[in-house]
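In: coords below, sequence missing:
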């Protein structure tokens, strides 16, 4: 649950007064024009940018800065894919919040990683370098890391960008399965046409909150025009 | 053949080469992953004015005030370039180039004036043959610190280097990790000063891991392999320098550079010769 969240970059207000309450099992789309603050909101929830005002509550307790339950998946173009690491190595990074600095990988951790790779159907890619992956495979590797982290809230920044039709539809199925298993998915999305099929809830925003609720109720022609007009 | 190993001077030099080569070779993993080789090269030049500063302020030259002076100079130049680029139309690389060469020139002038604190050439290109027992202990100590700290914090450091956003979302203090790397870098630069001097020190701090990255995909090998390559390359170069009368510091960097070239050409996976036939096949036929 987010209440009255505001974020400022220096003196410019990037987000003002975002308030919404949702629960696990939902898929929330963040929709708005460029510069509306979709990425900023995701980063604010993940604890990457400081909040000017407002609170975030998760399962009854306040989230101060970051939470092990939240997994942040950046836009794929922001990632250095030439970094020398294998797919398995990438997914193993999801276990770090559970291990801290010192603890060695226990069998349970290895199992969590293997299970995550299996669920995302990328077990056969685990020894490959991440620079060898396609866009769809990259997205799956990220999701596998979030699964290995045992995060319940997935914060995705433009996950469908640059995916071809097949990769898009398999990502859609994945997100649906993941949310049905009890996770909360919050994702920025740019395609108004596909949004109602992919996400059951929607936050329409343009620096400030315009509407939140079930997607068909929020994405009306009038509200879309209002959001994208300015 | 065993002559070099009998003489105590040479023994100490070889040991210094081993320790300093391993420490810097290990740390070169970070420099390669962070892609800051050119910045490191600029910062290594600030060692000179840093030492001059240390002498000016304290009137004496010890490893401690060399480190503090070097840190102060590196911070001034490094942060200065960031400040200049953020508050003006100058790009950071431009600012860094201007600041570090000016600082370096000031250091050269100051050291010439200060007179009896060692030959300029030794500061620039190293003087490993003159290494004493205290220097060896210090190199050993600093090496231990760098290896220990790097290994303790290896997880948050690697995550920060790869994806600082995801690291922050997992609670890693990203800024502190960057400061930590900076501090370790200065330590590594100060140790390599004796061996190869401030102009060549970046060679020790980049070439080993760069060579390893042409041979392997596994990140731990960049570090440990880099350390081994740095150590063996340095010792080998010193033996070569003994027999061919080459200057020791330059010999080390020449050997490491040659090893890099060999890997570039001959690496079974990433070498030029290995990938050349593959590249030829991909070349489009000449257009009509």
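Out: It's in. As the structure is a computational prediction, the values presented were derived from the model and not from experiment.
In: Could I get the full set of helices for chain B?
Out: B:3-6, B:8-34, B:37-45, B:47-58, B:63-87, B:92-114, B:120-125, B:133-152, B:154-162, B:164-169, B:174-213, B:219-244, B:248-266, B:272-282 (DSSP state H).
In: residues from the stretch 1-150 of chain B in reach of chain A?
Out: Applying C-beta under 8 Å from any C-beta of the partner chain, we find that the stretch 1-150 of chain B lies next to chain A at residue B:33. No exception for glycine: its C-beta is placed from N, CA and C like everyone else's.
In: could you redo the last one with a cut-off of 10 Å?
Out: B:29, B:32-33, B:35 (C-beta under 10 Å from any C-beta of the partner chain).
In: Skipping adjacent residues, who's closest to residue A:215 in space?
Out: residue A:202 (4.2 Å; C-beta to C-beta, 6 or more residues apart in numbering or on different chains).
In: So what's the residue count around the one you found?
Out: 25 (other C-beta atoms under 10 Å in any protein chain shown).
In: wait, what's in contact with it?
Out: Counting by C-beta atoms under 10 Å, 6 or more residues apart in numbering or on different chains, residue A:202 touches A:27-31, A:189, A:192, A:195-196, A:211-219, A:223.
In: hmm, try it at 8 Å
Out: Contact partners of residue A:202, counting by C-beta atoms under 8 Å, 6 or more residues apart in numbering or on different chains, are A:28-31, A:195, A:211-215, A:218-219.
In: What of residue A:136?
Out: By C-beta under 8 Å, 6+ apart, the residues touching residue A:136 are A:163-164, A:166-167, A:170-171.
In: Quick one, which of those are buried?
Out: Buried residues within the contacts of residue A:136, defined by neighbour count using 16 or more other C-beta atoms under 10 Å in any protein chain shown: A:163, A:167, A:171.
In: and these as CSV, adding distance to residue B:94 and secondary structure?
Out: Formatted as CSV, the buried ones among the contacts of residue A:136 follow (distance: C-beta to C-beta, whole Å; DSSP: H, G, I helix; E, B strand; the rest coil):
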residue, distance to residue B:94, secondary structure
A:163, 39, coil
A:167, 42, helix
A:171, 43, helix
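In: Among these, which one lies nearest to chain B?
Out: Comparing those against chain B with C-beta to the nearest C-beta places residue A:171 closest, at 19.0 Å.
In: where does chain A have low pLDDT?
Out: Counting by pLDDT under 70, chain A shows low-confidence ranges at A:1-12, A:230.
In: Give me every residue in it that's in contact range of chain B.
Out: A:43, A:46-48, A:65-66, A:68, A:70-74, A:78-80, A:83-86, A:89, A:93, A:96-97, A:99, A:101, A:129, A:149.
In: Mark which of those are part of helices, please.
Out: A:43, A:46, A:89, A:96-97, A:99.
In: Closest one of those to residue B:54?
Out: Top of the list for closeness to residue B:54, among those and by C-beta to C-beta, is residue A:96 at 39.3 Å.
In: got a list of what residue A:46 touches?
Out: A:66, A:70, A:72, A:155, B:165, B:168-169.
In: Next up, phi/psi of residue A:154, please.
Out: phi -110, psi 120 (degrees, to the nearest 10).
In: Looking at strand pairing, list the partners for it.
Out: residue A:71, residue A:185 (DSSP bridges).
In: quick one on the thing from earlier: which is the succeeding secondary structure element to the helix or strand in which the residue nearest to residue A:215 is found?
Out: Element membership for residue A:202 (DSSP states H and E) is strand A:201-206. Using DSSP H and E, the helix or strand that follows strand A:201-206 in sequence is strand A:208-214.
In: got any ranges where the stretch 101-250 of chain B has weak pLDDT?
Out: Scanning the stretch 101-250 of chain B for pLDDT under 70 picks out the ranges B:116-117.
In: List the contacts of the nearest residue to residue B:238 once chain neighbours are set aside.
Out: Using C-beta to C-beta, 6+ apart and skipping residues adjacent in sequence, the residue nearest residue B:238 is residue B:17, 4.9 Å away. Residue B:17 makes contacts with B:128, B:195, B:231, B:234-235, B:237-238, B:252, as judged by C-beta under 8 Å, 6+ apart.
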